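Undergrad: Here you go, sequence then predicted model.
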2 protein chains.
Amino acid sequence: MLSDLRQEFILHFGEMGSRWGINRTVGQIYAALFLSEEPLCADDLVGLLGVSRSNVSMSLKELQSWNLVHLKHRPGDRRDFFTTPDDMWQIVRTLVEERKKREIDPTLTKLRQLEMRPGSAEDAYAQARITEMRELIELLTGWYDQMNALETERLVALLNMGAKLQKLAQSARILPKRTNKTES
Amino acid sequence: MLSDLRQEFILHFGEMGSRWGINRTVGQIYAALFLSEEPLCADDLVGLLGVSRSNVSMSLKELQSWNLVHLKHRPGDRRDFFTTPDDMWQIVRTLVEERKKREIDPTLTKLRQLEMRPGSAEDAYAQARITEMRELIELLTGWYDQMNALETERLVALLNMGAKLQKLAQSARILPKRTNKTES
DNA sequence: TAGATGTTTCAGAAAAAACTGAAACGACTG
DNA sequence: CAGTCGTTTCAGTTTTTTCTGAAACATCTA
């Protein structure tokens, strides 16, 4: 039912998932869908992975809440079939987007909130540190948003331009203006 | 002993850690060190966080294995004191580096290994998919390596150039001869 | 060497997370 | 309506992970 090759891939992503705070079954299901040319239904996955029907159901729900799988239907078939997007880049974008929404955004909110607290003297250092962290996160997410706005083709072109960008960075430092610390 | 502000920050990172496959105590310890102007020793952390001495010891060991904390010593004091780097950028670099080492590299190895398997016909699609994934990961890590090679100051300059880069990406698509091979 | 101080280890306890089977549910179909 | 097909829910079980206390270890000091 499942070639060694696919089996191994699926097990690998099950294991990897754990290190990313994703549970094993969820990782395995995603991997199975990723490798499958045809959409799969819940019972297919039960057969492929040997886990319970309810586990598959919960895991698929989880994946849907992350927007990582798409629902497909076949004419004359009531079952739900699932796929991953064909475009790997779309997968990456979704992954980052969701992760950002669930982890970065709440953290930024918390940091801003702590920054604004009227600070007693003993917290001066801590607050400075928090500000530093917030600014860094904002710089990185701002950058990500810019890159994410590019079409994939252009983004790839840019990623392939590492050396040229280094040059650009070099000149950017030399160019005099823009000494201000914050802009927003 | 611990102001509300710091308390909240520490709890937040304890929770966040869980979502990243980092256990709560480890997250809390790191957060506490991050906010502390002075280096802290294990017993300080026991007092601050209210966890067992051995838990602190294990967690610090974990953090050390990730190169996320530095050891300091005081003259005439046998205890180990710990700090986080002052430079947030260094922290980010280390974090990415270690994560790459533990998660990306083994995955790339596995993908390459699966790609090379003499493939039966039924695995043709799966292998193509795997190749696609490997290539994307290589592109991203290659890019990261380039960026990581920059001095922080230049890197920041580059990150602040989002709009300009978009322009560059635009022209980049027009100039070079197409790397065909596109699918989808 | 004995004692003081500090760190690490580890078997088992406690807590958390993942998983299951059975039952409830919902939506069509004849 | 009763029956079929498929999905979802959830209480309880299993598995995994985290955490603890006690003992072992290590290093320095008198």
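TA: Received it, and whenever you're ready, just let me know what you need.

Undergrad: Centroid-wise, who is the farthest residue in chain A?
TA: A:A121 (38.7 Å; C-alpha atoms, centre = their mean).

Undergrad: Could you report the separation of that one from chain B?
TA: Distance of A:A121 to chain B, computed by C-beta to the nearest C-beta, to the nearest Å: 10 Å. Every residue, glycine included, has its C-beta placed from N, CA and C.

Undergrad: how far away is that residue from A:Q127?
TA: From A:A121 over to A:Q127 the distance is 11 Å, taken as C-beta to C-beta, to the nearest Å.

Undergrad: Look up the pLDDT of the residue nearest to A:S120 when sequence neighbours are not counted for me, please.
TA: Distance criterion C-beta to C-beta, 6 or more residues apart in numbering or on different chains; nearest residue to A:S120, sequence neighbours excluded, is B:S3 at 6.7 Å. pLDDT, B:S3: 93.

Undergrad: quick one: contacts for A:L40?
TA: A:32-33, A:48, A:81-83 (C-beta atoms under 8 Å, 6 or more residues apart in numbering or on different chains).

Undergrad: hmm, I was thinking of A:F82
TA: A:33, A:39-41, A:60, A:63, A:69-72 are the contacts of A:F82 under C-beta under 8 Å, 6+ apart.

Undergrad: Quick check: of those residues, which lies closest to DNA strand D?
TA: Lowest distance from DNA strand D to those (C-beta to the nearest atom of the strand) belongs to A:C41, with 5.3 Å.

Undergrad: Tell me the bridge partners for that closest one.
TA: Beta-bridge partners for A:C41, by DSSP bridges, are A:F81.

Undergrad: was I right about it contacting A:D80?
TA: Yes - if you go by C-beta atoms under 8 Å, A:C41 and A:D80 touch, sitting 6.3 Å apart.

Undergrad: Spell out which parts of chain A neighbour DNA strand D.
TA: Residues of chain A lying close to DNA strand D (C-beta under 7 Å from any atom of the strand) are A:18, A:41-43, A:53-54, A:57-58, A:60-61, A:77-80.

Undergrad: If we check DNA strand C, which of these are in contact?
TA: Answer for these near DNA strand C (C-beta under 7 Å from any atom of the strand): A:53-54, A:58, A:78.

Undergrad: Now the two most distant members of those.
TA: A:M58 and A:R78 (20.2 Å; C-beta to C-beta).

Undergrad: neighbour-wise, which of the two wins?
TA: Between A:M58 and A:R78, counted using other C-beta atoms under 10 Å in any protein chain shown, the more crowded position is A:M58 (14 against 6).

Undergrad: So what does that one have for phi and psi?
TA: When read as degrees, to the nearest 10, the backbone of A:M58 gives phi -60, psi -40.

Undergrad: Now do the helices in chain A.
TA: Here chain A has its helices, by DSSP state H, at A:4-19, A:24-35, A:42-49, A:53-65, A:88-99, A:105-116, A:124-149, A:152-159, A:162-174.

Undergrad: Any idea which of these gets closest to B:D105?
TA: helix A:4-19 (11.7 Å).

Undergrad: Mind listing what's buried along the closest one?
TA: With burial defined by 16 or more other C-beta atoms under 10 Å in any protein chain shown, the residues of helix A:4-19 counted as buried are A:5-6, A:8-14, A:16-17.

Undergrad: near chain B too, which of the residues you listed?
TA: Contacts with chain B are made by A:5-6, A:8-9, A:12, A:16 out of these, judged by C-beta under 8 Å from any C-beta of the partner chain.

Undergrad: okay, those in TSV with distance to DNA strand C next?
TA: Output for those, formatted as TSV (distance: C-beta to the nearest atom of the strand, whole Å):
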residue	distance to DNA strand C
A:L5	22
A:R6	18
A:E8	18
A:F9	17
A:H12	15
A:M16	13
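
Undergrad: Of all pairs in those residues, which one is the farthest apart?
TA: Once C-beta to C-beta is applied, those give A:L5 and A:M16 as the farthest pair, at 16.7 Å.

Undergrad: Nearest residue to A:W143 in space, please, no chain neighbours.
TA: Counting by C-beta to C-beta, 6+ apart, the residue nearest A:W143 is B:L159, at 4.7 Å.

Undergrad: any idea how chain A splits into domains?
TA: A:4-83, A:88-174 (automatic domain parsing).

Undergrad: end to end, how far does the first one reach?
TA: Terminal residues of domain A:4-83 lie 21 Å apart, using C-alpha to C-alpha, to the nearest Å.

Undergrad: Give me the neighbour count for A:Q28.
TA: 25.

Undergrad: Check what pLDDT it gets.
TA: pLDDT, A:Q28: 97.

Undergrad: Which positions in stretch A:122-130 come out as buried?
TA: A:123, A:126-127, A:129-130.

Undergrad: Stretch A:88-104 now?
TA: Under 16+ other C-beta under 10 Å, the buried positions of stretch A:88-104 are A:88-89, A:91-94, A:99-100, A:104.

Undergrad: Which one of the helices of chain A lies nearest to B:R154?
TA: Nearest of the helices of chain A (C-beta to C-beta): helix A:162-174, 4.0 Å.

Undergrad: Now the closest one: average pLDDT?
TA: On average, helix A:162-174 scores 67.

Undergrad: cool, stretch A:135-144 as well?
TA: 95.

Undergrad: what residues does that stretch touch?
TA: A:96, A:100, A:104, A:107-108, A:111, A:182, B:88-89, B:92, B:156, B:159-160, B:162.
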